[in-house]
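1. I'll drop the sequence and a predicted model, then ask my questions.
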Amino acid sequence: MAENGPTPETPQDDDTGAEHVRVPVRIEEALGAAAMAAICLISFGNVLARYFTNYSFAFTEEFSVFLLVFMTFVGASAAFASGEHIRITFFLGRMPPWLRWLCEVVTLIATTFMFALILWYGAGVTYDEWYWGETSPGLGNPTWIYTIWLPILALAIILRVLGRGWAKLIRGRGR
């Protein structure tokens, strides 16, 4: 009778898998796909409106920029959760294990620090926009409804980075 557990030929977790993740990466993938679909629909609708009426929709640029930033942050969160973030594998693959571990630690610390700064300053900008009642120039919407996603998604990325660090460095999975 064969076991259903991992075998030497099928590792339990590798650098591209997200088996350690408790919150499914599918959430970020679905949100990113929805943002991309919305950008495509808005842009296509604007092209049709310009072609047939010589007028464009006023909201397309405002929403497209927001959705692009949203999609970027959601994609970064998914990439860190599944270990597909940017790295130079040519050099990493040729390093001894202790140096690869050190590079992973430096990467996780630098990423956490950078997104902590984005969280801090993004929250400050969002608060200021809410407090002073700033509105967008195109549609007159409160600008904080766009910028509030910056600290929220930065926090999501920080949590994904810390989860990846916990699984890879502390628990020793994904080597």
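-> Looks like it arrived, so ask away. This one's a predicted model, so the numbers in the text were calculated from it and none came from an experiment. Residues are numbered from 1 along each chain as shown.
2. rest of the way, CA atoms for contacts and neighbours
-> OK.
3. and residue 125, what does it touch?
-> residue 147 (Cα atoms under 8 Å, 6 or more residues apart in numbering).
4. Which strand or helix spans it?
-> helix 97-132 (DSSP states H and E).
5. What residues sit buried inside that helix?
-> 100-101, 104, 108, 111-112, 115-116, 118-119, 122-123, 125-126, 129-130 (16 or more other Cα atoms under 10 Å).
6. Mind jotting down where the helices sit in this protein?
-> 26-53, 60-82, 89-92, 97-132, 144-147, 149-165 (DSSP state H).
7. Would you mind putting those helices into a markdown table with mean pLDDT and distance to residue 138 alongside?
-> Shown next, in a markdown table, are the helices of the chain (pLDDT from 0 to 100; distance: least, Cα to Cα, whole Å):
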| stretch | mean pLDDT | distance to residue 138 |
| --- | --- | --- |
| helix 26-53 | 93 | 15 |
| helix 60-82 | 91 | 7 |
| helix 89-92 | 82 | 44 |
| helix 97-132 | 94 | 16 |
| helix 144-147 | 95 | 13 |
| helix 149-165 | 94 | 19 |
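8. Could you check how far residue 30 is from residue 37?
-> 10 Å (Cα to Cα, to the nearest Å).
9. Send me stretch 51-69 as CSV with only the CA atoms.
-> C-alpha atoms of stretch 51-69 as CSV (Å, rounded to 0.1, in the frame of the first residue of the first chain):
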residue,chain,number,x,y,z
TYR,A,51,-14.7,56.8,-31.7
PHE,A,52,-18.5,57.2,-31.9
THR,A,53,-19.1,60.5,-30.2
ASN,A,54,-15.7,62.3,-30.1
TYR,A,55,-16.0,62.6,-26.3
SER,A,56,-14.3,60.6,-23.7
PHE,A,57,-15.4,59.4,-20.3
ALA,A,58,-14.1,61.7,-17.6
PHE,A,59,-13.6,59.0,-15.0
THR,A,60,-11.4,56.7,-17.0
GLU,A,61,-8.0,58.1,-16.1
GLU,A,62,-8.9,58.5,-12.4
PHE,A,63,-10.2,54.9,-12.0
SER,A,64,-7.6,53.4,-14.3
VAL,A,65,-4.7,54.8,-12.3
PHE,A,66,-6.3,53.6,-9.0
LEU,A,67,-7.0,50.2,-10.4
LEU,A,68,-3.4,49.9,-11.8
VAL,A,69,-1.9,50.7,-8.4
